[in-house]
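Colleague: Okay, structure incoming, though there's no sequence with it:
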């Protein structure tokens with residue numbers, strides 16, 4: 001991604017091409033979404049796109065699975081529920097959205113970190129951990145909040 005970013009900075013023509021490719025991939029539903037009409041879920045299937053871009057993004061997503069970053073944690077959380085391939089496509093889409101925003105705003109990417117998901121909803125994390133400990137046979141007493 002870094003080489004793609006640097007090559008777009010040096011050549012305005014390449015920048016415009018990459019900008020429109022990325023914009024087209026995001027906004028023309030090249031990646032799956034959740035299509036819903038009248039409360040009924042319909043196909044969220046991926047549509048045909050540039051095979052090389054899609055392959056690169058999915059490979060990058062599989063690589064982030066081994067990192068201790070926001071995208072790595074996103075991959076691991078999705079893989080539990082949806083499977084490795086769908087998680088890779090979802091993280092690839094996130095990488096594409098991040099790249100698009102970097103291109104449009106000109107700002108660098110700010111890493112949120114692995115703890116982002118835990119800090120987002122501390123009550124939920126606490127409840128899940130208490131439930132997990134009770135399933136393992138421990139007695140958990142929550143401290144009084146006040």
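Modeller: Now that the structure is in, tell me what you want to look at. Everything numeric here is computed off the predicted structure, so don't read it as measured data. Numbers count the residues shown, from 1 in each chain.

Colleague: State the mean pLDDT of the longest helix along the chain.
Modeller: If you go by DSSP state H, the chain has its longest helix at helix 84-105. Averaging pLDDT along helix 84-105 gives 86.

Colleague: next one: the helix or strand just after it to chain centre, how far?
Modeller: Remark: after helix 84-105, the chain's next helix or strand is helix 116-120, criterion DSSP states H and E. Chain-centre distance of helix 116-120: 14 Å, with CA atoms, centre = their mean, to the nearest Å.

Colleague: Strands of this structure, residue ranges please.
Modeller: Here the chain has its strands, by DSSP state E, at 36-37, 40-41.

Colleague: Using JSON lines, please lay out the ones you listed together with mean neighbour count, distance to residue 69 and mean pLDDT.
Modeller: C-beta here means a position set from N, CA and C on the backbone, and glycine is covered the same way. As requested, the strands of the chain are exported to JSON lines (neighbours: other CB atoms under 10 Å; distance: least, CB to CB, whole Å; pLDDT from 0 to 100):
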{"stretch": "strand 36-37", "mean neighbour count": "8", "distance to residue 69": "31", "mean pLDDT": "74"}
{"stretch": "strand 40-41", "mean neighbour count": "8", "distance to residue 69": "31", "mean pLDDT": "76"}
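
Colleague: Compile those into TSV and extend it with columns for distance to residue 124.
Modeller: Below are the strands of the chain laid out as TSV (distance: least, CB to CB, whole Å):
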stretch	distance to residue 124
strand 36-37	25
strand 40-41	24
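
Colleague: How many residues are close by residue 57?
Modeller: 24 (other CB atoms under 10 Å).

Colleague: Tell me how far it lies from residue 106.
Modeller: 22 Å (CB to CB, to the nearest Å).

Colleague: Could you do residue 55 as well?
Modeller: 27 Å.

Colleague: For the two, indicate the residue with more neighbours.
Modeller: Neighbour count, other CB under 10 Å: between residue 55 and residue 106, residue 55 has more, with 11 against 8.

Colleague: which ones are touching that one?
Modeller: Residue 55 makes no contacts at all, as judged by CB atoms under 8 Å, 6 or more residues apart in numbering.
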